[in-house]
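Undergrad: Output the structure for:
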Amino acid sequence: MSCNFFVRPITDPQLIQTDVLIVPASSDELAKLQLTATKPDALTNVFRPDGWQAKYVVLWPQDTHQSNVRPHQFRKAHDELFKHLDTLDFAKIAFTWQWIGTIWQPYFSACILDLLQRTYVFHQYKTSPVSKQSITSLEIYANAVKQDTVAKIKAAHLGTTWYRDIANQPANVCTPDYLAEKALQLAQEYQTITTQILDEEALAKEGMVTYLAVNRASALPASMPIMHYQGGVPGDAPIVLIGKGVTFDTGGISIKTAENMHGMIYDMCGAACMLGVLKSIAELQLPLNVTVILATAENHVDGNAYRPGDIYPTKDGQTVEIISTDAEGRLLLCEAMAYARTLKPKVMIDCATLTGAAITSLGHVCSGLMANDQQLANDLIQAGQSSADYVWQFPLWDEYMLDLESEHADWRNSGRNSPGMITAGMFLKNFAHDTPWAHLDIAGTSFHYGTQNSTTGRPLYLLLEYLKNQI
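TA: The predicted structure is shown next:
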């Protein structure tokens, strides 16, 4: 369900007519109100006050000391808030920002987006969907909020919801052809986007033998959707975004264990995220040239499957020895990167649920970042901080490359008892050459491992913030 946004000037909170009024403020400011928190130290307190126009008032104490301001504070507060809201009847929420100091302003968009996304549900295949409250109207009472900030929130919410709807589809629906259809849908919806689909014949002509090897055991054809968004000066170098789109990953002959294999429907979150990002920037009409490449395939098992020990050439001209067929994502991405370099991009950024090692290293708090260009890395780190969609940089030192050296080919696709996330990044680095490039491992942030219908929308906020900063 869509949500209407309204920005209002600061007004007396007692006069705001809405279902739920959220009042974040310092404890001192809350003490000046006619309401007193029943639990002053609690993250949220919900009231049905006399004399107030709102049905429910949520008091949200905030620590205004800058050193203590962290986005995880409002996320924890939202956890408590929605425990209460799930028991209430509401459709309209108002959020008054009048007592919040400037130190919270950078997190305003992230705070509102987090609120909106809390109501997301995916019940497409339930015959009797479980009812859940939806926010149909969000009023923001804040004098300092600019209209472009509201536009950004709207676009990010739209793109994130679309991304999550795509990523939550089962693998019998979300196939490589399905992702190609979504790419074509964007071109039909926005005049600034054109889409081309490289089918298996075209991929073969491009010399992407390794790409096709990954999909060889699937009954479904692979493809590579390529979308060009033209919002900048014609002829200017594009920013290229590459998303891993393995619509189901059995691990191939290096097969995964059965436990939690159902979660491998989410191995295409990188591709779904890039579709959502492109929708958001088209909504915002950002004055940039952006190309999105989706590396889509299905990693399956049959008598024609590619095998450990096989050696394949790539479009780049380098050869790869297959050590693990479960290290398939980097094989798709390296081919997509080789194609991206023919576009002479300003930078290229890939986004992939690439390694379980990312979860081991970072949990579900932030995405792993590796880059061959420190300025690009710094830009992404800064965008992550301001969007509260964090990344943490890992090294790409030459010493790690030893783990990928092959006796029979240029490279192995998996290391020898090496740090898995870094090894994957080092492999991809070989295909970036002198193009500024960054790799985001989103295995721990894009979905909750082991849980269905659990996409989070990350790292769309990070990438959208980065793109806006390039204007």
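Undergrad: need the helices for the stretch 251-400 of the chain, in chain order.
TA: Counting by DSSP state H, counting those that start in this stretch, the stretch 251-400 of the chain has helices at residues 269-284, 329-341, 356-362, 374-387.
Undergrad: Indicate which one of these is closest to residue 436.
TA: Closest to residue 436 of the helices of the stretch 251-400 of the chain, according to Cβ to Cβ: helix 374-387, at 4.9 Å. Just so you know, the C-beta spots here come from the backbone N, C-alpha and C atoms, and that holds for glycine as well.
Undergrad: Buried residues of the closest one, list them for me.
TA: Under the neighbour-count criterion of 16 or more other Cβ atoms under 10 Å, helix 374-387 has 376, 377, 379, 380, 381, 383, 384, 385, 386, 387 buried.
Undergrad: from those, which has minimum pLDDT?
TA: Taking the buried residues of helix 374-387 together, the minimum pLDDT is found at residue 386 (86).
Undergrad: Would you mind confirming that residue 322 is in contact with residue 328?
TA: No: between residue 322 and residue 328 there is no contact under Cβ atoms under 8 Å: 9.1 Å.
Undergrad: between those two, which one's more packed in?
TA: Taking neighbours as other Cβ atoms under 10 Å, residue 322 and residue 328 compare with residue 328 leading, 29 against 26.
Undergrad: The more buried one and residue 6: what is the separation?
TA: According to Cβ to Cβ, to the nearest Å, residue 328 and residue 6 sit 47 Å apart.
Undergrad: Repeat that for residue 354.
TA: To residue 6, residue 354 is 41 Å away according to Cβ to Cβ.
Undergrad: If you count surrounding residues, which of these two has more?
TA: residue 354 (29 against 12).
Undergrad: ok, that one - contacts?
TA: The contact partners of residue 354, taken as Cβ atoms under 8 Å, 6 or more residues apart in numbering, are 244, 329, 330, 333, 421, 424, 439, 441, 442, 443.
Undergrad: hmm, try it at 10 Å
TA: The contact partners of residue 354, by Cβ atoms under 10 Å, 6 or more residues apart in numbering, come to 244, 246, 267, 270, 327-330, 333, 368, 420-421, 424-425, 427-428, 439-443.
Undergrad: Kindly report the same for residue 89.
TA: For residue 89, the contacting residues are 19, 20, 55, 56, 133, by Cβ under 10 Å, 6+ apart.
Undergrad: residues near the first one, how many?
TA: Using other Cβ under 10 Å, residue 19 is surrounded by 19 other residues.
Undergrad: What of the fourth one?
TA: A count of nearby residues for residue 56, using other Cβ under 10 Å, gives 20.
Undergrad: try the third one
TA: A count of nearby residues for residue 55, using other Cβ under 10 Å, gives 16.
Undergrad: how far out from the middle of the chain is stretch 402-411?
TA: In terms of Cα atoms, centre = their mean, to the nearest Å, the centre of stretch 402-411 is set 32 Å apart from its chain centre.
Undergrad: what does stretch 145-160 give?
TA: In terms of Cα atoms, centre = their mean, the centre of stretch 145-160 is found 16 Å from the chain centre.
Undergrad: do the same with stretch 284-295
TA: In terms of Cα atoms, centre = their mean, the centre of stretch 284-295 is set 15 Å apart from its chain centre.
Undergrad: any idea of the mean pLDDT in that stretch?
TA: 98.
Undergrad: Check stretch 190-205 too.
TA: 98.
Undergrad: 29 is where my numbering starts, stick with that
TA: Taking 29 as the first residue, the last one we looked at is stretch 218-233.
Undergrad: Using neighbour counts, pick out the buried residues of that stretch.
TA: Using 16+ other Cβ under 10 Å as the test for burial, stretch 218-233 gives 218, 220, 221, 223, 225, 226, 228, 231.
Undergrad: Tell me which entries of the residues you listed lie within strands.
TA: Taking DSSP state E as the definition of strands, the buried residues of stretch 218-233 contribute 221, 223, 225, 226.
Undergrad: and the third one, bridged to which residues?
TA: Beta-bridge partners recorded for residue 225 (DSSP bridges): residue 253.
Undergrad: Please report phi then psi for residue 33.
TA: Main-chain dihedrals, residue 33, degrees, to the nearest 10: phi -110, psi 140.
Undergrad: isn't it right up against residue 184?
TA: No: Residue 33 is not in contact with residue 184 according to Cβ atoms under 10 Å; the separation is 11.7 Å.
Undergrad: shared neighbours of those two, anything?
TA: Residues touching both residue 33 and residue 184 (Cβ under 10 Å, 6+ apart): 140, 144.
Undergrad: Of these two, which one has the most company?
TA: Neighbour count, other Cβ under 10 Å: between residue 33 and residue 184, residue 184 has more, with 28 against 16.
Undergrad: Show the model's pLDDT score for that one.
TA: On the pLDDT scale, residue 184 is placed at 95.
Undergrad: Which neighbouring elements make contact with the helix or strand hosting it?
TA: Using DSSP states H and E, residue 184 sits within helix 175-195. If you count contacts as 3 or more Cβ pairs under 10 Å, 6 or more residues apart in numbering; DSSP states H and E, helix 175-195 packs onto strand 32-36, helix 136-145, strand 165-169, helix 204-217, helix 297-312, helix 488-497.
Undergrad: Among these, which comes closest to residue 118?
TA: Among the helices and strands packed on helix 175-195, the nearest to residue 118 by Cβ to Cβ is strand 165-169 (10.0 Å).
Undergrad: got the CA coordinates for the closest one in CSV?
TA: Provided in CSV are the C-alpha atoms of strand 165-169 (Å, rounded to 0.1, in the frame of the first residue of the first chain):
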residue,chain,number,x,y,z
SER,A,165,-0.2,8.8,5.7
LEU,A,166,3.0,10.2,7.3
GLU,A,167,3.1,13.8,8.4
ILE,A,168,6.4,15.3,9.3
TYR,A,169,6.3,18.4,11.5
